[in-house]
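# Predicted model and sequence below, questions to follow.
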Amino acid sequence: MTDAAVEIAGLHKWFGSFHALADINLTVTRGERVVICGPSGSGKSTLIRCVNAIEDFQRGEIVVDGVRLTKNLKRIDEVRREVGMVFQQFNLFPHLTVLENCTLAPIHVRKMPKAEAEAIARRLLDRVRIPEQADKYPGQLSGGQQQRVAIARALCMNPKIMMFDEPTSALDPEMVKEVLDTMVELANDGMTMLVVTHEMGFARQVADRMVFMDGGQIVEINTPAEFFTNPQHERTKLFLSQILK
Amino acid sequence: MSGAAYVRREPAPRLAPPLTQVGALGWLRVNLFSSWLNTALTVVVLALLLWVLPPLVRFLFIDAVWSGSDRTACLATDGHEAGACWAFVRERLFYFIYGSYPVAERWRVDVFFALFAVSTGWLLWLDAPRRGLAAIVFFVALPVLSYVLLYGWPLIGLPVVDTSLWGGVLVTVVVTAVGIATSLPLGILLALGRRSEMPTVRFFSIAFIEFVRGVPLVTVLFMASVMLPLFVPPAWSPDKLIRALTGVMLFSAAYQAEVVRAGLEAIPRGQYEAARALGLGYWQMNALVVLPQALRITIPNIVNSVIALFKDTTLVFVAGIFDFLRTIEVARSDPKWATPVTSATGYAFAAIVYFVCCYGMARYADNVERRLARADRDGGRR
């Protein structure tokens, strides 16, 4: 086993004739927290969606936890099991309770006994500080609570890597903090994380490396300290000057 | 101006609504007489009701003949035309229900009706416990049990009753129930097929759906009952009823597929992505995440097509099968009951039975719809 959790090499992706990702090379080591930022349409979300094969790609190679992504569906499911994903729009299952949302995949994908899955789910709901909501339906929860359920749901699969696709962008401002706090805790526990976000405070606090994307390409990879105080690329400087006032 | 600030010192009092807003008077005003056009329409509808209802009530109840043993009871007496001949319906009621099913074996049909009612009720009651089990009972156990019960199995002491003897409400219920129980699963598969990423699967689903939708049910039934025997040897040719059932199933499946597809289209892409991201496979994703949501929002439309199917079952007569309407057709031409009002009575009875059943189903669909709207608003259990 290598030390790399995710290895992306020479990745290209097209949407029709639109070149959405161009020559992406990025390696995430185990336990590392990588924050990806950049203007909208720069391909950040597309990139992490390629990592668990929600999007396909035309050229290049992605190896997740030692498994190379191919068209082989079995392999893809194998990868998805080990990669937790949190979406901008939460994407909780509205017809299931919070607890059922969390136990669905462990029971049906990991073939875990129901009682065990529920015990784990309750523990994780406790960890994201909403144990009392277990029997409610997602529609009865606030946005921040729903996103924390989504985090718990992903964690229930005991993933080796967690990916976040703009997890706070759809939240009311007063709920952003509760979700970020949960993510910081997760980072402090040593989880390997790949986070697409505009929350620069969060990035500064937890990121080991910053990745800046523009126009489907990685423009700059740097340590947070260098990235925020001494950005190298002109495009990065412009972006940061707009986002940090 | 004494400054821009305004501060309310006392809360505005809560007043009762004006009299024209509430109560019977308010209702009349809002619903029946809100404008000149509305008032005119109200008057026209009232006049229409006054014109139609009294003769109808007179025929169905006041002048109706409730008892008697043959046509003489329902003939005009001293120039006074008789109303509905309910005596005729009463005498032939068992024929309308069972057809020519042997009298000694009719308890089997009654047991079937009871089983059918219980399992349907269980499936339709959205808060019922163990609804997953209810679905298995309805779609798997009930058909097998019903077949054994109705057709017979000499090994366990149930003599065979040939399907040519079946008739009346029994056939109508069997055709409807089998039609739904088989066409809904098939329709779901076709709907999934139509959205499949595999071109061949998609092509065959679309071809089947579009072909069947382009052909009237009568044609399908004719094909099943007349053309099929021309192609396969008689020993192979299945039972008349089974052929008709197959026709109904295939026909209805194409419509169910489109209904289900509409439900599938309504499920946001994020649901698929979240299911996929958790590692659920294609069938798990559909069975656990997509279909439970899609079918629930589709229930009103599924019921709508059940209503259509229920009424379409009357067409199986072209295959020589005696459904409920057909038994009335046969009975009304019986010389024993030949009177001027027999046909009208028979048809009135059929209309009432069909209306009660269909209206019941429509009310159910309505309730589900309101419940879904409530869940959408409050975010609770759907």
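Great, that's in hand.
# contacting residues for the residue nearest to residue A:143 when sequence neighbours are not counted?
Excluding the flanking residues, the one nearest residue A:143 by CB to CB, 6 or more residues apart in numbering or on different chains is residue A:171, at 4.8 Å. In this view, the C-beta of every residue, glycine as well, is placed from N, C-alpha and C. Shown in contact with residue A:171 (CB atoms under 8 Å, 6 or more residues apart in numbering or on different chains): A:143, A:144, A:147, A:179.
# Next, the contact list for the spatially most central residue of chain B, please.
Taking CA atoms, centre = their mean, the centroid of chain B lies closest to residue B:307, which sits 2.9 Å from it. The contact partners of residue B:307, taken as CB under 8 Å, 6+ apart, are B:358, B:361, B:362.
# Same check on residue B:204?
residue B:193.
# ok, the closest residue to chain B within chain A to residue A:90 distance?
Per CB to the nearest CB, the residue of chain A with the smallest distance to chain B is residue A:139, at 2.3 Å. Distance from residue A:139 to residue A:90, counting by CB to CB, to the nearest Å: 11 Å.
# can you check residue A:153 too?
Distance, residue A:153 to residue A:90, by CB to CB: 9 Å.
# And these two? Which one has more around it.
residue A:153 (31 against 23; other CB atoms under 10 Å in any protein chain shown).
# for the more buried one, what are its contacts?
Residue A:153 sits next to A:92, A:101, A:102, A:105, B:278 when contact means CB under 8 Å, 6+ apart.
# Relative to residue B:180, how far out is the residue nearest to the centre of chain B?
Distance, residue B:307 to residue B:180, by CB to CB: 11 Å.
# What lies in contact with stretch B:37-47?
Applying CB under 8 Å, 6+ apart, the contact partners of stretch B:37-47 are B:32, B:33.
# Give me the neighbour count for residue B:59.
Neighbours of residue B:59 under the rule other CB under 10 Å: 18.
# so who does it touch?
If you count contacts by CB under 8 Å, 6+ apart, then residue B:59 has B:83, B:84, B:344, B:348 around it.
# ok, now which ones touch the first one?
In this case it means residue B:83. Residues in contact with residue B:83 (CB under 8 Å, 6+ apart) are B:58, B:59, B:60, B:61, B:62, B:63, B:64, B:65, B:341.
# next one: the last one
With contact taken as CB under 8 Å, 6+ apart, residue B:348 is in contact with B:59, B:60, B:84.
# Can you classify the second one as helix, strand or coil?
Spelled out, that is residue B:60. Assigned by DSSP: H, G, I helix; E, B strand; the rest coil, the conformation of residue B:60 is helix.
# Chain neighbours aside, what residue packs nearest to it?
Nearest residue to residue B:60, sequence neighbours excluded (CB to CB, 6+ apart): residue B:84, at 5.3 Å.
# Hmm, the one you found is touching residue B:58, no?
No - look at residue B:84 against residue B:58 with CB atoms under 8 Å: they stay out of range, at 9.8 Å.
# In terms of neighbours, single out the busier of the two.
Just comparing residue B:84 and residue B:58: by other CB under 10 Å the higher neighbour count belongs to residue B:84, 24 against 13.
# Backbone dihedrals for the residue most central in space within chain A, please?
Per CA atoms, centre = their mean, the C-alpha nearest to the average position across chain A is that of residue A:163, at 1.7 Å. Backbone torsions for residue A:163, taken as degrees, to the nearest 10, come to phi -120, psi 140.
# got the residue ranges for the strands in the stretch 151-300 of chain B?
B:167 (DSSP state E, counting those that start in this stretch).
# Mind checking what secondary structure residue B:358 has?
Following three-state DSSP, we place residue B:358 in the helix state.
# And it, how far from chain A?
Distance of residue B:358 to chain A, computed by CB to the nearest CB, to the nearest Å: 29 Å.
# contacting residues for that residue?
Neighbouring residues of residue B:358 by CB under 8 Å, 6+ apart: B:307, B:310, B:311.
# distance of it from residue B:312?
12 Å.
# Check residue B:277 too.
To residue B:312, residue B:277 is 43 Å away according to CB to CB.
# Between those two, which is the more surrounded one?
Legend: neighbour count by other CB under 10 Å for residue B:277 and residue B:312, higher for residue B:277 (28 against 19).
# The more buried one is in contact with residue A:86, isn't it?
No - in this structure, residue B:277 is not within contact of residue A:86 by CB under 8 Å, at 9.0 Å.
# Now do the shared contacts for those two.
Common contacts of residue B:277 and residue A:86 (CB under 8 Å, 6+ apart): residue A:154.
# quick one, phi psi at residue A:58?
Backbone torsions of residue A:58, given as degrees, to the nearest 10, read phi -100, psi -30.
# before we move on, what about the one 3 residues further on?
Dihedral pair for residue A:61: phi -140, psi 140, per degrees, to the nearest 10.
# Nearest to chain A, out of the contacts of residue B:358: which one, please.
residue B:307 (25.5 Å).
# pretty sure that closest one is in a helix, no?
Yes - the assignment for residue B:307, made by three-state DSSP, places it in a helix.
# Can you mark which positions in the lowest-mean-pLDDT helix or strand in chain B are buried?
When each helix and strand of chain B is scored by mean pLDDT, DSSP states H and E, helix B:228-231 comes last, with a mean of 76. By 16 or more other CB atoms under 10 Å in any protein chain shown, the buried positions in helix B:228-231 come out as residue B:228.
# what are the C-alpha coordinates of that helix, in PDB please?
In PDB, the C-alpha atoms belonging to helix B:228-231 read as follows (Å, rounded to 0.1, in the frame of the first residue of the first chain):
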ATOM      1  CA  LEU B 228     -52.800 -16.200 -31.300                       C
ATOM      2  CA  PRO B 229     -54.600 -19.600 -31.800                       C
ATOM      3  CA  LEU B 230     -53.900 -19.300 -35.500                       C
ATOM      4  CA  PHE B 231     -50.100 -19.300 -34.800                       C
END
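# Could you dump the contacts of residue B:348 into a markdown table with distance to residue B:169 added?
Below are the contacts of residue B:348 laid out as a markdown table (distance: CB to CB, whole Å):
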| residue | distance to residue B:169 |
| --- | --- |
| B:59 | 24 |
| B:60 | 21 |
| B:84 | 20 |
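# out of those, who's nearest residue B:238?
residue B:84 (40.5 Å; CB to CB).
# Name the next helix or strand downstream of the worst-scoring helix or strand of chain A on mean pLDDT, please.
Ranked by mean pLDDT, DSSP H and E, the helix or strand of chain A with the weakest confidence is helix A:73-82, at a mean of 86. Downstream of helix A:73-82, the next assigned helix or strand under DSSP states H and E is strand A:83-86.
# Other residues contacting that following strand?
Applying CB under 8 Å, 6+ apart, the set of residues contacting strand A:83-86 from outside is A:48, A:51-52, A:54, A:64-65, A:147, A:150-151, A:154-155, A:157, A:159-165, A:167, B:274, B:277.
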